[in-house]
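*Asks:* Below: sequence and its predicted model.
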Number of protein chains: 4
Amino acid sequence: MPIAENATARLEAFSDGVFAVAITLLVLGLHVEAKQGQLAHALGSEWPHYATYVVSFLTIGIIWMNHHAQFDRIVRADRTLMLLNLVLLMFVTLIPFPTGLLAGHLSAPSDQHVAAAVYAGTLLAMSVTFFATYLWTTHAGLFSEQIKERHVSYLIRRNAVGLLVYVVAIAMAFVNATASLALCGLTAVYYTFPGKVLD
Amino acid sequence: MPIAENATARLEAFSDGVFAVAITLLVLGLHVEAKQGQLAHALGSEWPHYATYVVSFLTIGIIWMNHHAQFDRIVRADRTLMLLNLVLLMFVTLIPFPTGLLAGHLSAPSDQHVAAAVYAGTLLAMSVTFFATYLWTTHAGLFSEQIKERHVSYLIRRNAVGLLVYVVAIAMAFVNATASLALCGLTAVYYTFPGKVLD
Amino acid sequence: MPIAENATARLEAFSDGVFAVAITLLVLGLHVEAKQGQLAHALGSEWPHYATYVVSFLTIGIIWMNHHAQFDRIVRADRTLMLLNLVLLMFVTLIPFPTGLLAGHLSAPSDQHVAAAVYAGTLLAMSVTFFATYLWTTHAGLFSEQIKERHVSYLIRRNAVGLLVYVVAIAMAFVNATASLALCGLTAVYYTFPGKVLD
Amino acid sequence: MPIAENATARLEAFSDGVFAVAITLLVLGLHVEAKQGQLAHALGSEWPHYATYVVSFLTIGIIWMNHHAQFDRIVRADRTLMLLNLVLLMFVTLIPFPTGLLAGHLSAPSDQHVAAAVYAGTLLAMSVTFFATYLWTTHAGLFSEQIKERHVSYLIRRNAVGLLVYVVAIAMAFVNATASLALCGLTAVYYTFPGKVLD
């Protein structure tokens, strides 16, 4: 008896749950310690936490949207796709950790470089895994037959852009952590645009 | 190939997950430090935590109910609606942060004003985004055709009330934080009433 | 246009999410501080945390099972039921707080009584709200027509037992906190039995 | 009126929620304290946290996949199955606790043995409960009629392997904690393979 391999519904439900929890746990990284009467000042000095919160929130949100769009076109999931999806979720759930790391060290003289590289590196690892699910889905013929080949090629190229940008963000981390974070944020904004509409 | 734009099911599932996690994380803000034999007293002095817990819980719960009612009437989601929804969820997941801030400073001489303004400001930002999803849904023709125009106008007016009240709550924060919180609580209670029934 | 009042699907999905998060957050209350070489001893002395973890986990699990069984018989949800359900969820999500309180004070000379009373009181508040949803569902005619009246009466009586036991558990808290916790645990075990089967 | 015993949909939805939250909470165990300029070094010395994170993530992920495959073949859930499932979820949600314990003591001279034994013991308890759900599902005739008897026998044997390995991992904990953790990791990897395909 083969392991049931056809239903993607529960896979999507589980993934949605993980995305929803990971994106919400980001808020636990926000907290403020202020001496009496200094709250406004203390809140203002927390800007690295807000900036990383917004970039990480948008990044997880966009990857969820893309995950959603991808699985809408997948008609069945095999064991390999489930495993690749599990590794993808592992990097998604990891995001609150480098987010806190970068928020805490964004202005630190030398540690900012390490923290920003770890942050962009985690996003790269997530993107590589997402890219791998595209390649496997194409290879194993799991996409709906209504999807034309050039659509898949276009989506794969579009995803490859993200990989390159995150590699640049890692390199940029060693110059300036804030610029690296900004590039990650711009990448999220880039993916909010739906891309070329092919028919 | 256009990004799949018609299904709202997974959008609702993801949103429900985020609402559910955000509303449940509020409890992590509750904790008591008491010297031996002083637990009852310490619990009593924690009333700002209970008050903010209840107001935030009801606020997230009501916005969920309204989100639920809105998406019942939406027949398809486009990319813009998904993005507006994502920004809405960002402010919803943020709520535990100003909740803890207000709980910790509700009686502080000057910081109470800052904390209450940040709290009401977060609720305002959430409401403005929710309002924007209504406007966009109307503009882009995403509502079910069974929904009559004057129904939408009524709902938009009803939502606008919330915006005004939260602006007042921000102003009131600079007079008295507890009164500002009470106004936010009353707003949540106001929205529990179903509103005028039009046919 | 009335607020959509017929679908219970998303209400159940949201409630399931809240139950799932609340039951899982209980684990955050478990942590051990041990001097080097003393871990086994330190783990052993944490028994109040394990006992409260198990009782709270079973209690939330059982209330979920009963919630599940109740909503299987409800054909539509009105605004009042949604609000009662929201209050029920508020007490469910609160449970990790008194659980940590009781775990931390189960052996404390006088504070154990306060902590156990708060714990049993939270469970009582949850049960009263759950009971209220039964009464409202009956009153407003929201149960499926296939459900016979004596079945509802039986379920209401069965729920009333829980209320009485939690009142006793509060009283018992002032004698012995561990006995009070044990009674709460026995109540959860009692509800695991399906009850009389009526036809 | 019997308690509704036929629908597995909401049981799966609730279980998926718990799995999703438990697997995502693992990240809260990751945090780094570093003196200025020492972040790279501090991150490197955290390897026990990464190793336990990966093993626990894969273990919860695999048990979810197996849970998913099992419930695909179950046509109805009775009260006993719901209870066994609840106990299974209790051990799943517990996993972040021994994960943190093992991460914090993996190199400690004597405490590593205690921590690794508690870790492997929790996984054993989870597996024993999962095994019990198989036995009960078979015994109570809850599997779909399309499932042949030898398929169930095969799955039961396959699950029994996990039990044995976790018993060995507990024994190995008293020799070397890292080896015990590695064995738990290998077990997760073993279960990623779909097993013999019977027809």
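*Replies:* Noted; the coordinates are in hand.
*Asks:* lowest-pLDDT helix or strand in chain A?
*Replies:* Ranked by mean pLDDT, DSSP states H and E, the weakest helix or strand in chain A is helix A:149-173, scoring a mean of 86.
*Asks:* Whether that one contacts chain B - can you check?
*Replies:* Yes. Helix A:149-173 lies within reach of chain B by CB under 8 Å from any CB of the partner chain, at A:His151, A:Tyr154. Glycine gets a C-beta too; all of them are placed from N, C-alpha and C.
*Asks:* who does the helix or strand just after that helix touch, helix- and strand-wise?
*Replies:* Scanning the chain past helix A:149-173 towards its C-terminal end, the next helix or strand to appear is helix A:177-192 (assignment: DSSP states H and E). With contacts defined as 3 or more CB pairs under 8 Å, 6 or more residues apart in numbering or on different chains; DSSP states H and E, the secondary structure elements packing on helix A:177-192 are helix A:47-72, helix A:96-105, helix A:111-139, helix A:149-173.
*Asks:* Dump the C-alpha coordinates for the shortest one into CSV.
*Replies:* The one in question is helix A:96-105. Written as CSV, here are the backbone C-alpha positions of helix A:96-105 (Å, rounded to 0.1, in the frame of the first residue of the first chain):
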residue,chain,number,x,y,z
PRO,A,96,12.3,35.0,14.2
PHE,A,97,15.7,34.0,15.4
PRO,A,98,17.9,36.0,12.9
THR,A,99,15.3,38.7,13.1
GLY,A,100,16.0,39.2,16.8
LEU,A,101,19.7,38.8,16.2
LEU,A,102,19.7,41.6,13.5
ALA,A,103,17.4,43.8,15.6
GLY,A,104,19.8,43.6,18.5
HIS,A,105,23.0,44.3,16.6
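*Asks:* deepest of the helices and strands packed on helix A:177-192, which one?
*Replies:* Mean neighbours per residue, mean count of other CB atoms under 10 Å in any protein chain shown, is largest over the helices and strands packed on helix A:177-192 for helix A:96-105, with a mean of 24.
*Asks:* Can you spell out which helices and strands pack onto it?
*Replies:* Based on contacts counted as 3+ CB pairs under 8 Å, 6+ apart, the elements that helix A:96-105 packs against are helix A:47-72, helix A:111-139, helix A:177-192.
*Asks:* before we move on, the earlier item: of the helices and strands packed on helix A:177-192, which is nearest D:Ile95?
*Replies:* Go through these one by one with CB to CB and the one that ends up closest to D:Ile95 is helix A:96-105, at 17.5 Å.
*Asks:* Which residues does the closest one contact?
*Replies:* Contacts of helix A:96-105 from elsewhere in the structure, counted by CB atoms under 8 Å, 6 or more residues apart in numbering or on different chains, are A:22, A:25-26, A:28-29, A:48-49, A:51-53, A:56, A:111-112, A:114-116, A:118-119, A:121-122, A:177, A:181, D:27-28, D:30-32, D:39.
*Asks:* pLDDT below threshold where in chain A?
*Replies:* Counting by pLDDT under 70, chain A contains low-confidence residues at A:1-7, A:194-199.
*Asks:* Flag every residue of it that's near chain D.
*Replies:* So far as CB under 8 Å from any CB goes, chain A lies against chain D at A:1-4, A:7, A:10-11, A:13-14, A:17-18, A:20-22, A:25, A:28, A:79, A:82-83, A:86, A:89-90, A:93-97, A:100-101, A:105, A:108-111, A:114-115, A:118.
*Asks:* burial measure for the residue in chain A that chain B sits nearest to, as a count.
*Replies:* With CB to the nearest CB as the measure, A:Ala20 is the residue of chain A nearest to chain B, at 2.9 Å. If you count neighbours by other CB atoms under 10 Å in any protein chain shown, A:Ala20 ends up with 30.
*Asks:* separation between it and D:Met65?
*Replies:* Here the criterion is CB to CB, to the nearest Å. By it, A:Ala20 lies 19 Å from D:Met65.
*Asks:* circling back: mind checking the helices and strands packed on helix A:96-105 for the one nearest to B:Gln146?
*Replies:* Nearest to B:Gln146, of the helices and strands packed on helix A:96-105 and by CB to CB, is helix A:47-72 at 25.4 Å.
*Asks:* Now the buried members of the residues of chain A next to chain D.
*Replies:* Of all the residues of chain A next to chain D considered here, the ones buried according to neighbour count by 16 or more other CB atoms under 10 Å in any protein chain shown are A:1, A:3, A:10-11, A:13-14, A:17-18, A:20-22, A:25, A:79, A:82-83, A:86, A:89-90, A:93-97, A:100-101, A:105, A:108, A:111, A:114-115, A:118.
*Asks:* Quick check: residues of chain A near chain C?
*Replies:* A:Gly17, A:Ala20, A:Val21.
*Asks:* ok, 7 Å please
*Replies:* Counting by CB under 7 Å from any CB of the partner chain, none of the residues of chain A come close to chain C.
*Asks:* Could you double-check that A:Val152 sits in contact with A:Thr138?
*Replies:* Yes. A:Val152 is within contact range of A:Thr138, at 5.4 Å (criterion: CB atoms under 7 Å).
*Asks:* okay, now the closest residue to A:Glu145 other than its chain neighbours: neighbour count?
*Replies:* In this structure, A:Glu145 finds its nearest non-sequential neighbour in A:Val75, 7.9 Å apart by CB to CB, 6 or more residues apart in numbering or on different chains. A:Val75 has 15 neighbours, counted by other CB under 10 Å.
*Asks:* OK, now which residue of chain A is nearest to chain D?
*Replies:* Each residue of chain A has a distance to chain D, by CB to the nearest CB, and the smallest belongs to A:Gly17, at 2.9 Å.
*Asks:* What strand or helix carries that residue?
*Replies:* Taking DSSP H and E as the definition, one finds A:Gly17 inside helix A:9-25.
*Asks:* what's the angle between that helix and helix A:96-105?
*Replies:* Taking axes from the mean of the first three to the mean of the last three CA atoms, to 10 degrees, one finds that helix A:9-25 is oriented at 20 degrees with respect to helix A:96-105.
*Asks:* now helix A:9-25, how far from the centre of its chain.
*Replies:* If you compare the mean C-alpha spot of helix A:9-25 with that of the full chain, they lie 13 Å apart, counting by CA atoms, centre = their mean, to the nearest Å.
*Asks:* for the very next helix or strand once past it, packing partners?
*Replies:* Read in the C-terminal direction, the helix or strand following helix A:9-25 is helix A:39-44, with elements assigned using DSSP H and E. In terms of contact count using 3 or more CB pairs under 7 Å, 6 or more residues apart in numbering or on different chains; DSSP states H and E, helix A:39-44 is assigned the packing partners helix B:111-139.
*Asks:* So which elements touch the helix it packs on?
*Replies:* Of the remaining helices and strands, those touching helix B:111-139 by 3+ CB pairs under 7 Å, 6+ apart are helix A:39-44, helix B:47-72, helix B:79-94, helix B:96-105, helix B:149-173, helix B:177-192.
*Asks:* Contacts only, for A:Tyr50.
*Replies:* When contacts are counted by CB atoms under 7 Å, 6 or more residues apart in numbering or on different chains, A:Tyr50 touches no other residue.
*Asks:* Next one: it from B:Phe97, what distance?
*Replies:* Separation of A:Tyr50 from B:Phe97 (CB to CB): 10 Å.
*Asks:* in stretch A:23-43, what counts as buried?
*Replies:* For stretch A:23-43, burial by neighbour count (16+ other CB under 10 Å) applies to A:Ile23, A:Thr24, A:Leu25, A:Leu26, A:Val27, A:Gly29, A:Leu30, A:Val32, A:Ala34, A:Leu39, A:Ala40, A:Leu43.
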